[in-house]
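Undergrad: pasting the structure only:
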């Protein structure tokens, strides 16, 4: 009878941890997606915790935390050290997954047909 209670507690903790991890990872994914769509740089010159501006990615994640206490409880300093999902490698992996999905959706829509990509570039006239 006692072992059934332990199993229920372990299952509940596992479910709670899964929800925290999903929220944490979702915050990183949304941040990467937004920065990529806006064409913003991700990294800052000084990303240490003592820096007043840690770069766009970390500052955006911090902004989400300020707006939502549930996010604040699971990200950055409150996240487990081995699962923060903020390393540049994690950001690149998320971006790579998004890029693959865009390619896949483009191929599904166009198939073997031809298409072109238009790039709008503005030159800096001050130089």
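TA: It's in. Please read these numbers as outputs of a predicted model, since none were measured by experiment.
Undergrad: identify the residues contacting residue 51.
TA: By C-beta atoms under 8 Å, 6 or more residues apart in numbering, the residues touching residue 51 are residue 44. C-beta: built from backbone N, CA, C; applies to glycine.
Undergrad: do you know the pLDDT at it?
TA: In this model, residue 51 is scored at 83, pLDDT.
Undergrad: all numbers from here: first residue = 650
TA: Taking 650 as the first residue, the last one we looked at is residue 700.
Undergrad: backbone torsions only: list them for it.
TA: Geometry field for residue 700 lists phi and psi as phi -70, psi 140, criterion degrees, to the nearest 10.
Undergrad: any idea how far it is from residue 733?
TA: Between residue 700 and residue 733 the distance, using C-beta to C-beta, to the nearest Å, works out to 16 Å.
Undergrad: and what of residue 699?
TA: Residue 699 is 17 Å from residue 733, where distance means C-beta to C-beta.
Undergrad: of those two, which one has the most company?
TA: residue 733 (17 against 6; other C-beta atoms under 10 Å).
Undergrad: three-state assignment of residue 683?
TA: Local secondary structure at residue 683 is given as helix here, using DSSP: H, G, I helix; E, B strand; the rest coil.
Undergrad: would you agree it is in contact with residue 708?
TA: No. Using C-beta atoms under 8 Å, residue 683 is not in contact with residue 708, being 11.8 Å away.
Undergrad: show me where pLDDT drops low in the chain?
TA: Filtered on pLDDT under 70, the chain yields the residue ranges 650-662, 771-776.
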